[in-house]
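Peer 1: Predicted model follows, preceded by the sequence.
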Amino acid sequence: MKLRTFGLFLRQAALSLWRNAWMSLAAAISVAVTLFILGTFVLLILNINFIANTLQSSVEIAAFLEVDAPRSEARALQERLKNFPGIADVVLVTKEEGLKTLAQQFGSEEELLKATGGVNPLPDYLRIKVQDPAQIGEIAQAVQSMPGVDEVNYGQAVVERLLAVVRWVRYLGAGIVVLLGAGSLLLLMITIRLAVYARRREINIMKYVGATDWFIRWPFLLEGFFLGLLGGALAAAAVAAGYSSLVNKISLSLVFVPLLRDGYILWYSGLGLTAGGAAIGAAGSLLAVHRFLKV
Amino acid sequence: MSKTTLRGCFFVSSLEVGEGLVQFFNVTKVYNQNIYALKDVSVKIDKGEFVFLVGPSGAGKTTFIRLLFREELPTKGQIIVAGRSITRLRPREIPLLRRNIGVIFQDFRLLPDRTVYENVAFALQVVEAPPREIKARVEEVLAQVGLLSKAHLFPHQLSGGEQQRTAIARAIVNRPRILMADEPTGNLDPATSREIMSLLLEINRLGTTVIMATHAWDIVNTLKRRVIALDKGRLVRDDREGVYGYEA
């Protein structure tokens, strides 16, 4: 295709957008609304993922040793576990330290000791951080079977529920993203189809004088591309503005909730929405024109 | 040879006057399994001929034109244009065929929102001709059909005859080898019809093969050109210097 011809296509697309200005604007806004919802969902899912990952990475295994196990044995086990595959770090919490922590929560050490007849009833225990939270169950089982280990606790139910929730959110999110994507595609297709329908005579005559299918498609493709681009850009701007202000509000009131705050996430989602809008627009026009080319 | 013609070089072959430009071999077209639009039609049209296609409504004239234009494929048989089978064309070759066949209709089919000049230039833009060539060629063709002074007018500002002349200008601007006319005088008064006919004869004199479907018996009888008569899809008559009629 010659550059001159591309110029002709651009002029035709611009002319058509201008002639149907209200229709074009309505289509761009509809796409923007759909993509805005889509963008909001993507950010929501990314944040839920982020929160889940943060929570998961803070989950630890507590391996309680037998009460009468000598300290040397505890240290040997600690060293052994540090080299165990899948384990990131192991910290030994002695029974004395354990008592101190307990005392901070429930009064003084003396009172606790008085209640237990002067004997520290706590065992030494090892706090184990794993590399991959999904493997925590297996590692906990392996640790449980080691000599000198009395009991292992890692909040099994909580971790498993968390993992299940994350998995569901991912599936649901992917489904919603696909549905909304298809929705915007359909929306643009219908709009462009109206424009194509209005120009079906012209298309017919173009075919009669020997225009190739691509010669006919290009102006419509560009029209859809620009409508999608505009819709995507509007959605990106709205998502960016909304997200920034929301994150600021949440981080003031709910300090402990970890949220994605880096600027890059807005850049990426903005770029994704704009490019996605343009791609959906172009694809929608191709589909819309298809039927009218059969002459 | 100009670029416009080069772009249509797909069908440029060294045919001499008198050689078969269009050939139908036992062509049958069936719609909906049992409606025969054309039945076993074989015909040869030479380069430079002027042919009338006559027959009552529903005889198959329009189907004949649609097949030749590759809007439809025959159910059976073979159609050859300039030595090439058009039934075996790949989809991307169809536009190249159409650039070699101009076509005009009873209802003119002009774009209402474009001027006479733009309507004609459109056919050259489609084949990506350079702007300078477009201007020169459009002016040349508009002069040929006598509309140069009305180039800036829109179709609704023209008479029926002028609209048909614009359509003819658009059809020949690409220098096609064949001009097909489907009832070109159907909407025009006798005087205007005569104008259009003399224009078509002039185009034919310059070397373009003209195939014209018509009900205008007076025109056919006056001009005494070749007449191909169709009735109920069958070719019933093919006379060198015929008169109107479709009785076998």
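Peer 2: Right, received. Where do you want to start? Bear in mind the structure is a predicted one, so any value in this text is a computation, not a measurement.
Peer 1: Check the secondary structure at A:L260 for me.
Peer 2: Assigned by DSSP: H, G, I helix; E, B strand; the rest coil, the conformation of A:L260 is coil.
Peer 1: got a list of what the nearest residue to it once chain neighbours are set aside touches?
Peer 2: Leaving out its chain neighbours, the residue that sits closest to A:L260 by C-beta to C-beta, 6 or more residues apart in numbering or on different chains is A:F50, at 5.2 Å. All C-beta spots, glycine's among them, are computed from the backbone N, C-alpha and C. The contact partners of A:F50, taken as C-beta atoms under 8 Å, 6 or more residues apart in numbering or on different chains, are A:258-260.
Peer 1: What subset of these is buried?
Peer 2: Buried members of the contacts of A:F50, counted by 16 or more other C-beta atoms under 10 Å in any protein chain shown: A:L259.
Peer 1: Could you count how many residues lie near B:L73?
Peer 2: Using other C-beta atoms under 10 Å in any protein chain shown, the number of residues around B:L73 comes to 13.
Peer 1: residues in contact with it?
Peer 2: Residues near B:L73 by C-beta under 8 Å, 6+ apart: B:67, B:87.
Peer 1: what do you get for A:T34?
Peer 2: A:180, A:183-184, A:187, A:231, A:235 are the contacts of A:T34 under C-beta under 8 Å, 6+ apart.
Peer 1: among those residues, which are in helices?
Peer 2: Cross-referencing the contacts of A:T34 against helices under DSSP state H gives A:180, A:183-184, A:187, A:231, A:235.
Peer 1: Quick one: name the residues of chain B near chain A.
Peer 2: Contacts of chain B with chain A, taken as C-beta under 8 Å from any C-beta of the partner chain, map to B:8, B:69, B:71, B:91-92, B:95-99, B:103, B:109, B:111, B:122-123, B:125-128, B:130-131, B:170, B:174.
Peer 1: from the residues you listed, which would you call buried?
Peer 2: B:8, B:69, B:71, B:95-99, B:103, B:109, B:111, B:122-123, B:125-128, B:170, B:174.
Peer 1: So which of those sit within helices?
Peer 2: Going by DSSP H, the helices hold B:95-98, B:122-123, B:125-126, B:170 from these.
Peer 1: Give me the lowest-pLDDT entry from these.
Peer 2: Across those, the smallest pLDDT goes to B:V126, namely 86.
Peer 1: Which residue is the nearest non-sequential neighbour of that residue?
Peer 2: Setting aside the residues directly before and after it, B:V126 is nearest to A:A211 in space (C-beta to C-beta, 6+ apart), at 4.1 Å.
Peer 1: returning to that earlier point: in ChimeraX, how would I select the buried members of the contacts of A:T34?
Peer 2: The ChimeraX selection below is limited to those of those classed as buried (16+ other C-beta under 10 Å):
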select /A:180,183,184,187,231,235
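Peer 1: about what we covered before: got a markdown table for the ones in helices among the contacts of A:T34, with distance to chain B and pLDDT too?
Peer 2: Shown next, in a markdown table, are the ones in helices among the contacts of A:T34 (distance: C-beta to the nearest C-beta, whole Å; pLDDT from 0 to 100):
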| residue | distance to chain B | pLDDT |
| --- | --- | --- |
| A:L180 | 35 | 83 |
| A:G183 | 32 | 83 |
| A:S184 | 30 | 77 |
| A:L187 | 27 | 78 |
| A:G231 | 27 | 92 |
| A:A235 | 34 | 94 |
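Peer 1: Which of these lies at the shortest distance from B:D46?
Peer 2: Using C-beta to C-beta, A:L187 comes nearest to B:D46 of the ones in helices among the contacts of A:T34, at 55.0 Å.
Peer 1: tell me the contacts of residue 122?
Peer 2: You didn't pick a chain, so chain A it is. A:67, A:95, A:98-99, A:102.
Peer 1: Switch to chain B, please.
Peer 2: With contact taken as C-beta under 8 Å, 6+ apart, B:F122 is in contact with A:205-206, A:209, B:111, B:114, B:170.
Peer 1: Pretty sure B:V22 sits in a helix.
Peer 2: No. Counting by three-state DSSP, B:V22 is not part of a helix but strand.
Peer 1: quick one: secondary structure of the residue nearest the centre of chain B?
Peer 2: Residue closest to the mean C-alpha point of chain B, counted by C-alpha atoms, centre = their mean, is B:M180 at 1.1 Å. For B:M180, the assignment made with three-state DSSP gives strand.
Peer 1: Which residue is the nearest non-sequential neighbour of A:A74?
Peer 2: Distances taken as C-beta to C-beta, 6+ apart place A:D124 nearest to A:A74, at 4.6 Å, with adjacent residues excluded.
Peer 1: ok, of the contacts of A:T34, which one's closest to B:Y31?
Peer 2: A:L187 (36.9 Å).
Peer 1: on that earlier part again, looking at the ones in helices among the contacts of A:T34, which one is closest to A:A164?
Peer 2: Of the ones in helices among the contacts of A:T34, the one sitting nearest to A:A164 (C-beta to C-beta) turns out to be A:L180, at 24.4 Å.
Peer 1: so what's the residue nearest to that closest one when sequence neighbours are not counted up against?
Peer 2: Of all residues not flanking A:L180 in the chain, A:L38 sits nearest, at 4.2 Å (C-beta to C-beta, 6+ apart). Contacts for A:L38 (C-beta under 8 Å, 6+ apart) come out as A:176-177, A:180-181, A:184, A:235, A:273, A:276.
Peer 1: and what of A:L46?
Peer 2: The neighbourhood of A:L46, defined by C-beta under 8 Å, 6+ apart, consists of A:260, A:265.
Peer 1: so it, which of the three states?
Peer 2: helix.
Peer 1: Show me where the stretch 101-250 of chain A has its helices.
Peer 2: With DSSP state H, counting those that start in this stretch as the criterion, the stretch 101-250 of chain A has helices at A:109-115, A:136-144, A:156-198, A:200-208, A:213-253.
Peer 1: which stretch among these comes nearest B:N26?
Peer 2: Among those, helix A:200-208 comes nearest to B:N26, with 27.2 Å by C-beta to C-beta.
Peer 1: Buried residues, the closest one. List them.
Peer 2: Buried-residue list, helix A:200-208, by 16+ other C-beta under 10 Å: A:202-203, A:205-208.
Peer 1: and chain B, which of these contact it?
Peer 2: Restricting the buried residues of helix A:200-208 to those near chain B - C-beta under 8 Å from any C-beta - leaves A:202, A:205-208.
Peer 1: Let's have these in JSON lines, adding distance to B:S57 and pLDDT.
Peer 2: Formatted as JSON lines, those follow (distance: C-beta to C-beta, whole Å; pLDDT from 0 to 100):
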{"residue": "A:E202", "distance to B:S57": "28", "pLDDT": "82"}
{"residue": "A:I205", "distance to B:S57": "24", "pLDDT": "87"}
{"residue": "A:M206", "distance to B:S57": "28", "pLDDT": "87"}
{"residue": "A:K207", "distance to B:S57": "25", "pLDDT": "87"}
{"residue": "A:Y208", "distance to B:S57": "22", "pLDDT": "88"}
